[in-house]
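In: I would like the atomic coordinates for the input below:
(chains A and B)
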Amino acid sequence: AQKITQTQPGMFVQEKEAVTLDCTYDTSDPSYGLFWYKQPSSGEMIFLIYQGSYDQQNATEGRYSLNFQKARKSANLVISASQLGDSAMYFCAMLVYGGSNYKLTFGKGTLLTVNP
Amino acid sequence: DTAVSQTPKYLVTQMGNDKSIKCEQNLGHDTMYWYKQDSKKFLKIMFSYNNKELIINETVPNRFSPKSPDKAHLNLHINSLELGDSAVYFCASSRLYEQYFGPGTRLTVT
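Out: Predicted coordinates:
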């Protein structure tokens, strides 16, 4: 069974500073993908970044980067130069490939608050 | 144009009623999903359809019945609503790995 663990229920960061949101995962399948989603207070789920298990380099998307450490089974999200609009719930998720079965398993989320 | 849309956005109803939530995607994706987000914000998959065929059915009461009339639509019908069904229900679609979520439907059962 797949499992995602986010150990930080809440995080605070000052505007313009960098912040790391932790995520560890557990799977015995060699082929998988890791995702981060942002959920602002308005409720929608926004895709941020994706890392495949066979990708050699860490994924980056603008101010978001994923610190992928395969041996440690961690996939931390790094947000550089935090902005007030980054205040939101952040979910780490894992997807295991199995034919047409693309089931996402989510962590419990981290509530990030960016202070001015 | 909205990629994944859900109606209604809010749904307030009484225990015992039957209600439906509709989902439509205009992305041409083959796979669609229903997720439930509880009051603690935990997201869990309920169902997945691929080309109108049910491929994932997690441990969900059989009061919940998904229906996919075509690849672009996946509706969720709930019979005999219970207080514990109160949650936000998200529809999503995907072609490969990236899943696009709808705006969610907040269901409140009183």
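In: What residues does chain B have near chain A?
Out: B:30-31, B:33, B:35, B:40-45, B:48, B:50, B:55-56, B:88, B:90, B:92, B:94, B:96-101, B:103-104, B:106 (C-beta under 8 Å from any C-beta of the partner chain). In this view, the C-beta of every residue, glycine as well, is placed from N, C-alpha and C.
In: Can I have the buried ones of the residues you listed as a ChimeraX selection?
Out: The buried residues among the residues of chain B next to chain A can be selected in ChimeraX (16 or more other C-beta atoms under 10 Å in any protein chain shown) with this line:
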select /B:30,31,33,35,43,45,48,50,55,56,88,90,92,94,99,100,101,103,104,106
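In: Give me the subset of the residues of chain B next to chain A lying in strands.
Out: B:31, B:33, B:35, B:43-45, B:48, B:50, B:55-56, B:88, B:90, B:92, B:94, B:99-101, B:106 (DSSP state E).
In: what about B:K71, distance to chain A?
Out: 13 Å (C-beta to the nearest C-beta, to the nearest Å).
In: Residue of chain B closest to chain A, please.
Out: Closest contact between chain B and chain A, by C-beta to the nearest C-beta, is at B:F101 (3.8 Å).
In: Next one: that residue relative to A:Y97, how far apart?
Out: 20 Å (C-beta to C-beta, to the nearest Å).
In: next one: B:E58
Out: Distance from B:E58 to A:Y97, by C-beta to C-beta: 18 Å.
In: Kindly report the same for B:G28.
Out: 20 Å.
In: quick one: which of these two has more around it?
Out: Each of B:G28 and A:Y97 has its neighbours counted (other C-beta atoms under 10 Å in any protein chain shown); A:Y97 has more, 17 against 9.
In: got the contact list for the closest residue to the more buried one other than its chain neighbours?
Out: Closest residue in space to A:Y97, ignoring its immediate chain neighbours: A:S31 at 5.1 Å, by C-beta to C-beta, 6 or more residues apart in numbering or on different chains. For A:S31, the contacting residues are A:S53, A:Y54, A:V96, A:Y97, by C-beta atoms under 8 Å, 6 or more residues apart in numbering or on different chains.
In: what's A:S31 sitting at in phi/psi?
Out: Backbone torsions of A:S31, given as degrees, to the nearest 10, read phi -110, psi 110.
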